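Q: Following is a predicted model, sequence given first.
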Amino acid sequence: MGGPVIELKVLDARLHGWGMPRYQTAMAAAIDLHACLDAPIEIAPGSPPALISSGIAVHIGDPGMAALVLPRSGMGHKQGLVLGNLVGLIDADYTGPIMVSAWNRNGPGTPPIRLSPGDRFAQMVFVPILRPEFTVVEEFTAPSERGAGGFGSTGHR
Ligand SMILES: O=c1ccn([C@H]2C[C@H](O)[C@@H](COP(=O)(O)OP(=O)(O)OP(=O)(O)O)O2)c(=O)[nH]1
Ligand SMILES: [Mg+2]
């Protein structure tokens, strides 16, 4: 409602039956992505991630926006299905199929994760992007309270 509108191509007609990419609730931040598989697959622990098409393409076409592909929290936390690239970044000028690297992060000896055609197995969120230009300097001009401290420099409690 009132948000930006971007073009989306449906590359796999089965999505019409599975439920087109949509926000599952009125205030959901992300749309779920469906696994456009020909047949069920099993992703074994320790095996390379499976690269699976979501069956959609978008052309964001605005340098102030990008999309992130993220695990679904239920599948990631409970089943161990996460992304081989941890987070997928979709550039505003990318027009190919949105692909998902599906990785079973579980340890050896655990059962494979089964994915069936149409399963909602990841999600995609659109985010604002800043693209600053850079002034190369020898020394930073403004003072900084933190300075170069990092990696726990402020303590734990
Ligand atoms: O999970 C993902 C990550 C990326 N992409 C697509 C969209 C993105 O715009 C493009 C390039 O991604 P990225 O820049 O992260 O990968 P790269 O390894 O740097 O490839 P490139 O050299 O094409 O930029 O691949 C996906 O479909 N799914
Ligand atoms: Mg890149």
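A: Looks like it arrived, so ask away. Ligands and ions are numbered 1, 2, ... in the order given.
Q: Kindly confirm my reading that Glu42 is in a strand.
A: Yes: looking at Glu42 with DSSP: H, G, I helix; E, B strand; the rest coil, it is inside a strand.
Q: For the nearest residue to it once chain neighbours are set aside, report the pLDDT, please.
A: Among residues not flanking Glu42 along the chain, Pro112 sits closest, at 3.8 Å (CB to CB, 6 or more residues apart in numbering). In short, each C-beta sits where N, CA and C put it, glycine included. Looking at Pro112, its pLDDT is 98.
Q: Distance check, Pro112 against Pro45.
A: As for Pro112, its distance to Pro45 is 7 Å (criterion: CB to CB, to the nearest Å).
Q: Mind listing the shared neighbours of these two?
A: Counting by CB atoms under 8 Å, 6 or more residues apart in numbering, the shared contacts of Pro112 and Pro45 are Asn104.
Q: Looking at these two, which is more packed in?
A: Ranked by neighbour count (other CB atoms under 10 Å), Pro112 and Pro45 place Pro45 first, with 16 against 13.
Q: give the contact list for the residue lying closest to that one once chain neighbours are set aside.
A: In space, and not counting its chain neighbours, Pro45 is closest to Asn106: 4.3 Å by CB to CB, 6+ apart. Applying CB under 8 Å, 6+ apart to Asn106 gives the contacts 45, 80, 113.
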